[in-house]
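# Here's my sequence, what's the structure:
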Amino acid sequence: MNAAPPVMPKTKETPRTPKRAVTIVTHYYTAHGGGIESVAHHLLSELAPDESLALTWIASACDPAPQIPNVQTQPMRCFNGIEKAFGFPWPFWRLSALRALKKTIAASDIVWLHDTLYMGNLFAYRYARKYKKPLIVTQHIEPIPYRSRFKRCLMRWMDRLLTTRVLRNADEVVFISDRIAEDYYRRVAFTRPIKVIPNGVDVRFFHAPIPENRRFLREQFALKQEQPVLLFVGRFVEKKGLEVIRRLATLLPEWRFWMAGEGPIDPDEWLLPNVHVFKGRKEQSLADLYQAADLFLMPSYGEGFPLVIQEAMACGLPVLCSPTTAEGSRLAIPYLHRAEVWPDDSERTANAWFEKLKNFPIPLPLVAPLADVSEFAILSWDWHPISRVYATMFAAHAPKA
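Predicted coordinates:
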């Protein structure tokens with residue numbers, strides 16, 4: 001008689017922890033060229049390998065959605081004529097898009113908004129409250145003091161009516177800037193502690209070049225040895241101070257002005273021979289501009305602490321910005337150079353910045369990148385630990401098994 005086969009003991013399978021479905025909402029995707037969507041992209045790239053998260057990024061379908069492993073994108077059909085006609089970045093989402101947004105949020109565990117005043121973000125807030133989903137808001141900016149009185153009043157009214165309400169009712173509120181956090185803390189009756197979490201820098205690309213690399217880059221750009229290069233990176237829109245840069249380029253015809261970005265304003269139309277426009281630059285090709293330039297110029301207003309300033313500092317560039325922008329990072333203030341910005345008077349601003357540049361405390365062109373500035377930036381801002389703070393927040397608000 002054949003013996004019965006031995007009975008193997010049953011092994012207990014380790015139960016899998018269900019993934020937390022996180023829906024992220026921004027107004028545009030990365031290709032649009034703005035800082036908010038760039039920050040979202042960096043954070044999602046860091047969070048994507050986390051196997052406990054199922055990430056869905058929702059934004060307007062104005063631009064191609066980025067390809068990030070383990071991150072699902074859901075482009076929303078919209079009308080973006082408001083930005084094209086008036087320079088006001090407010091995509092108008094179609095009803096079919098809002099229905100799709102509602103369905104996605106209903107199936108989510110957590111909703112994460114980057115800023116508040118955009119149409120998709122406001123509806124996402126509404127649906128998150130309707131379905132009682134934990135809501136995390138990263139607030140990047142405050143009301144922008146546009147030169148147009150109508151735009152200024154509209155922004156302030158919408159901020160009081162909508163932004164303060166969203167921030168007050170969110171489960172977590174994160175500010176990327178010390179100054180903006182303090183501003184809203186004075187105006188909003190928060191019921192929970194708020195957080196200040198700065199943006200990070202991708203140090204794989206943005207770091208101070210060795211002297212040989214810097215010389216090589218400047219040769220590739222055919223720069224004269226005695227010719228200073230002033231760099232601007234960002235969206236070509238009014239609040240970035242493009243008119244100030246145009247006036248400075250006229251006042252300093254022997255200096256080069258590099259403009260990296262895109263937008264409704266076209267610096268090529270200025271017809272200035274010392275202004276050069278670079279489009280579509282990112283990662284290493286963008287880092288090349290930082291590493292070859294002599295000074296980073298940011299005459300913007302109504303912002304927190306732009307990511308491009310952090311990238312410039314990581315590359316060892318001196319930065320010239322407004323005192324208000326510098327206050328976005330208290331720790332960085334000693335490393336920043338400041339000149340006043342008057343949003344409604346670009347001529348006055350340009351004249352003040354011209355005097356600052358002609359008497360700049362660091363000789364231009366640079367002899368070498370500023371090692372202390374680069375070291376501070378790289379040690380202070382790193383995307384990976386910043387992303388883990390968000391992962392901890394997701395875990396704290398995850399549905400209980």
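
# what helices or strands is the helix or strand encompassing F232 leaning on?
Taking DSSP states H and E as the criterion, F232 maps to strand 229-233. Packing partners of strand 229-233 (3 or more CB pairs under 8 Å, 6 or more residues apart in numbering; DSSP states H and E): strand 256-260, helix 283-292, strand 295-298, helix 307-314. All C-beta spots, glycine's among them, are computed from the backbone N, C-alpha and C.

# just these: most buried one?
Comparing the helices and strands packed on strand 229-233 by mean neighbour count (mean count of other CB atoms under 10 Å), helix 307-314 ranks first with a mean of 26.

# mind checking how far that helix is from the chain centre?
How far helix 307-314 lies from its chain's middle: 11 Å, per CA atoms, centre = their mean, to the nearest Å.

# Show residues contacting the next helix-or-strand element following it.
Downstream of helix 307-314, the next assigned helix or strand under DSSP H and E is strand 319-321. With contacts defined as CB atoms under 8 Å, 6 or more residues apart in numbering, strand 319-321 is touched by 295-300, 309, 312-313, 335-339, 353, 356-357, 360.

# hmm, back to that, for the helices and strands packed on strand 229-233, give me CSV that also has distance to S380.
Below are the helices and strands packed on strand 229-233 laid out as CSV (distance: least, CB to CB, whole Å):
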stretch, distance to S380
strand 256-260, 23
helix 283-292, 17
strand 295-298, 17
helix 307-314, 8
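
# for these, which one sits closest to Y146?
Y146 sits nearest to strand 295-298 of all those, at 17.3 Å, using CB to CB.

# in its sheet, what does that closest one sit against?
strand 229-233 (parallel), strand 319-321 (parallel) (DSSP bridges).

# just so I know, which of these lies nearest Q291?
Closest among these, using CB to CB: strand 229-233, at 10.1 Å.

# Pull the distance from the closest one to the chain's centre.
Distance, centroid of strand 229-233 to centroid of chain: 18 Å (CA atoms, centre = their mean).

# cool, stretch 97-114 as well?
Put simply, stretch 97-114 sits 22 Å off its chain's centre (CA atoms, centre = their mean).

# same thing with stretch 313-326?
Counting by CA atoms, centre = their mean, stretch 313-326 comes out at 15 Å from the chain centroid.

# How about stretch 383-401?
That offset, for stretch 383-401, works out to 20 Å (CA atoms, centre = their mean).

# A368 is nearest to which of the helices and strands packed on strand 229-233?
The nearest among the helices and strands packed on strand 229-233, by CB to CB, is helix 283-292 at 11.4 Å.

# Quick one: neighbours of the nearest residue to W383 once chain neighbours are set aside, just the number.
In space, and not counting its chain neighbours, W383 is closest to G200: 3.4 Å by CB to CB, 6 or more residues apart in numbering. By the measure other CB atoms under 10 Å, the count of residues near G200 is 22.

# roughly how far apart are G200 and I136?
Distance from G200 to I136, counting by CB to CB, to the nearest Å: 17 Å.

# Please apply the same query to Y301.
27 Å.

# what does L161 give?
22 Å.

# Compare these two and say which is more crowded by neighbours.
Each of L161 and I136 has its neighbours counted (other CB under 10 Å); I136 has more, 22 against 10.

# That one belongs to a strand, doesn't it?
Yes: counting by DSSP: H, G, I helix; E, B strand; the rest coil, I136 is part of a strand.

# Out of the helices and strands packed on strand 229-233, which gets nearest to A181?
helix 307-314 (16.8 Å).

# Helices of the stretch 301-401 of the chain, start to end?
307-314, 323-326, 346-358, 371-380, 383-396 (DSSP state H, counting those that start in this stretch).

# residues contacting T250?
Going by CB under 8 Å, 6+ apart, the list of residues near T250 reads L272.

# Give me the three-state assignment for it.
Under three-state DSSP, T250 comes out as helix.

# which regions of the chain sit below the pLDDT cut-off?
1-17, 401 (pLDDT under 70).

# What about P273, how many residues nearby?
9.

# Can you tell me the closest non-neighbouring residue to it?
In space, P273 is closest to P253, 7.9 Å off (CB to CB, 6+ apart).

# was I right about the one you found contacting N274?
Yes: contact between P253 and N274 holds when scored by CB atoms under 8 Å: they sit 5.7 Å apart.

# Now do the strand ranked longest in the chain: which elements does it pack against?
Longest strand in the chain, counting residues (DSSP state E): strand 53-60. Packing partners of strand 53-60 (3+ CB pairs under 8 Å, 6+ apart): strand 20-25, helix 35-47, strand 71-76, helix 95-106, helix 119-130.

# isn't there a strand covering the residue nearest to W383?
No: G200 is assigned coil when assessed by three-state DSSP, not a strand.

# from memory it sits against L379, does it?
No: using CB under 8 Å, G200 is not in contact with L379, being 11.7 Å away.

# Sort out which residues of stretch 193-205 are buried, please.
194, 196-203, 205 (16 or more other CB atoms under 10 Å).

# could those go into TSV alongside distance to G261?
Putting these into TSV (distance: CB to CB, whole Å) gives the following:
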residue	distance to G261
I194	31
V196	27
I197	25
P198	22
N199	17
G200	20
V201	18
D202	17
V203	22
F205	17
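
# Specify which member of those is nearest to G120.
N199 (21.5 Å).

# how close does the closest one sit to V174?
When N199 is compared with V174 (using CB to CB), they lie 11 Å apart.

# can you check G87 too?
In terms of CB to CB, G87 sits 27 Å off from V174.

# Ok, K130 next?
The value you get for K130 to V174, if CB to CB is used, is 23 Å.

# Neighbour count: these two, which is higher?
For K130 versus V174, neighbours defined as other CB under 10 Å are more numerous around V174 (20 against 11).

# Could you verify my assumption that that one touches V196?
Yes: shown here, V174 and V196 form a contact pair, counting by CB under 8 Å, at 7.5 Å.

# Now for V173, how many residues are close by?
Neighbours of V173 (other CB under 10 Å): 24.

# For it, I want the exact helix or strand it lies within.
Per DSSP H and E: strand 172-175 holds V173.

# So what's the gap between that strand and the chain middle?
For strand 172-175, the distance to the chain centre is 15 Å (CA atoms, centre = their mean).
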